[in-house]
Structure formats: C-alpha cells, structure tokens
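Undergrad: I would like to see how this sequence folds:
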Amino acid sequence: MVLRLPGVRGVVYRGSADKVWHKVDQCAQTMDSFRRRLAWRETFEELPMIDKRRILAAGKTIGQFVFQRTAAILVGPPAATDGVIQNGSCFILRVHGKAYLGTARHVVRFWMDRRATGESVVFQIGRASLEPAHRIVWEDEQADIAFLRLEEAEVALIGISTFEPTCGWPPPRPAVGDFVHITGYPAFQRRQPGPAAYDFRSLGFRLSVKSIGEHHLACQFEREYWMVTDGFAIPPVGVDLGGMSGGPVLLERPLAYPLIGLVAEHTPAYEIMRVSTLGHAPETFEGRDTV
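TA: Numbers count the residues shown, from 1 in each chain. Below is the predicted model:
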C-alpha cells in the first residue's frame, strides 16, 4: 500500500481474509509521520530506501487489518444448482454489545427481489446462511445502507473480526482531503474452482476524499500516481468493481481507524467510488427489527 501524497496519490492492495493480528496503532503513527514529513520537504521517491520499506510495510499491515474485517456475500441458488450468482461485500459491527451485519441495501435487495419471484436463493456469508427479510434493524433507501441483526453463533460462522466504535457512535464525519481505506470483493475476481465452491479475492484502496454530500462522499481514482504491493497488478481501466458494494470504509486518523461508511457504488466510466457515510445512523439498533 502507498500514499496519495506528493509524487504518490493512491494505493491498491489485494489480499485474503486471513485472520492475522497486527500492531495497527504503530502503523498509523508511521503513516501520520510520513504524511507530515512530505507536507513540507520530500516526495516518496526522495525518501531513503529504509523509510520507503517502512511505509510500504505499514500500508500492507493496515490493508490486512481491513481485510480481516471484510466478508463476501454470495446471493445465488443452493450449492451444486445452476443459476445466476451475484455477490456483494459486508462487515460486522458491534454496538452496545450486539452484533450487526452492515452492507449496501441493494445487495439485500438482490436476495429479496429474487425470492419474490419464487426462486430458491441463498444469502450466504462464510459458513452462515441468512434470511435477511426480518433481520433488518435499520435501512436508508436513499443512502443505500442496511444493517441486519446477527446471533453470536452466526458471527462465528461468518468468521471475520468485528468492528467496534473507536471514536463513538454514530461515527465522525470525514472532510474533503481526508484519507479513507476502502475494501471489498469485486465480482471480476471471483473464481469457481468447483460446482459448489467459490473463491473470492479482496481488493482495497487508500484514497483521498474529493467531495462530500449529506450522507455520502466520493473518491476519484488517480491511476497515474498509484503504487501497488505484493506484485499484484492494478485493476484494468474501466473495470466494473461491482461486488465491492457493502464493503467497509475506514477513516484514517492518528491511532484510530473508525468505520465511517460503506461502499455504495463504483462508476467505471469516471472511475469514481461513492461511499455511503454512517454519521446519521441511530445510536442503537436495539428494538428496531423489521416485523
């Protein structure tokens, strides 16, 4: 992972959802120190090699921190049955001790619309198969946000680490120029190694906030300044990143990476990532289950 700073404006990182514990606070200090250093003197290319390696290592660690808190949602027919496969992304948030699945509302609608036609279709995350219809505790149709109630046994079956509010809930509002970390599972990287098996590969970005609306923000891809880690290639220009919808978006702060939004839409023609922000979320989801 690299920084969008003088001489370097973005980051693309890829990885798996393996659970690995990292000292993210130390990496945040490294990033913050690097950002302040470049603000007045050097570009990334002018730094000594040892500093470059420290920055790239810190970026990779932060990327893995986000990966282990992101899961893919599969919407499709039961295993070994032919049919259309759709996928989205999601995360788990704990508020007041309760666990909730966060994703884009239109990902939940994939399942609801197909069920409404009588189709047999699953909504699967890891080893957990859910029925979303009566689990919704909060949704915002215009902002494209949905939160679903989870049981602890389901959290274990999903198998990812959970987010807990680090800067209060609802989360803080970002500003233009802030950096955010965006992660999800685009469908173009999905593979099917067997009739009942799917392999998802995550894709993430560290991007600068370009504009902010009432309940959203937007980031513009600036490919000419991107660098990558681990030898992976940058996604092709114009590639559809559908499948990342619902993935978590973290705001970069010294010593903290609060969850502040989720992926709502990617526009390939203009290479803009639209994020739904969560600053207007209710303080608690308890007692809000859909009947």
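
Undergrad: I'd assumed V275 was in a strand, is it?
TA: Yes: V275 sits within a strand when classified using DSSP: H, G, I helix; E, B strand; the rest coil.

Undergrad: per-residue confidence at T103?
TA: Note for T103: predicted pLDDT of 98.

Undergrad: Next, count neighbours for it.
TA: Per other C-beta atoms under 10 Å, the neighbour tally for T103 reads 27. All C-beta spots, glycine's among them, are computed from the backbone N, C-alpha and C.

Undergrad: doesn't M244 make contact with it?
TA: No: checked against C-beta atoms under 8 Å, the pair T103 and M244 is beyond contact range at 11.0 Å.

Undergrad: got any residues that touch both of the two?
TA: Common neighbours of T103 and M244, counting by C-beta atoms under 8 Å, 6 or more residues apart in numbering, are G88, S89.

Undergrad: which residues in the stretch 101-250 of the chain form strands?
TA: Secondary structure of the stretch 101-250 of the chain (DSSP state E, counting those that start in this stretch): strands at 122-125, 128-130, 136-140, 145-149, 179-184, 191-194, 197-199, 202-208, 211-212, 216-220, 226-228, 248-251.

Undergrad: Least confident of those, on average?
TA: Looking at these, the bottom one is strand 226-228 with a mean of 70.

Undergrad: Which helix runs longest in this protein?
TA: When the chain is parsed with DSSP state H, its longest helix is helix 49-67.

Undergrad: just how off-centre is that helix within its chain?
TA: Centroid displacement of helix 49-67 relative to its chain, using C-alpha atoms, centre = their mean, to the nearest Å, is 18 Å.

Undergrad: coming back round to it: and the strands of the stretch 101-250 of the chain, which is most packed in?
TA: Of all the strands of the stretch 101-250 of the chain, strand 248-251 carries the top mean neighbour count, a mean of 27, counting by mean count of other C-beta atoms under 10 Å.

Undergrad: now whichever helix or strand comes after that one and strand 202-208, what's the angle there?
TA: Where DSSP states H and E defines the elements, the next helix or strand beyond strand 248-251 is strand 259-267. Angle of strand 259-267 versus strand 202-208, following axes from the mean of the first three to the mean of the last three C-alpha atoms, to 10 degrees, is 100 degrees.

Undergrad: got a list of contacts for strand 259-267?
TA: Residues outside strand 259-267 that contact it (C-beta under 8 Å, 6+ apart) are 89, 91, 93, 102-104, 143-145, 163, 165, 171-174, 180, 182, 184, 216-217, 240-242, 244-251, 272-279.

Undergrad: tell me which residues in that strand are buried?
TA: Residues L259, I260, G261, L262, V263, A264, E265, H266 are the ones in strand 259-267 that count as buried (16 or more other C-beta atoms under 10 Å).

Undergrad: Quick one: mean pLDDT for it?
TA: Taken as a whole, strand 259-267 has a mean pLDDT of 97.

Undergrad: same thing with stretch 69-80?
TA: The pLDDT scores in stretch 69-80 average 89.

Undergrad: For it, output the C-alpha coordinates as CSV.
TA: Extracted C-alpha coordinates of stretch 69-80, given in CSV (Å, rounded to 0.1, in the frame of the first residue of the first chain):
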residue,chain,number,x,y,z
ARG,A,69,-12.9,-7.4,8.9
THR,A,70,-14.5,-7.8,5.4
ALA,A,71,-16.5,-10.7,4.0
ALA,A,72,-18.1,-11.6,0.7
ILE,A,73,-21.9,-12.1,0.4
LEU,A,74,-23.0,-14.7,-2.1
VAL,A,75,-26.5,-14.5,-3.5
GLY,A,76,-27.5,-17.4,-5.7
PRO,A,77,-29.1,-20.8,-5.9
PRO,A,78,-28.3,-23.6,-3.4
ALA,A,79,-25.0,-25.4,-3.7
ALA,A,80,-24.5,-27.5,-6.9
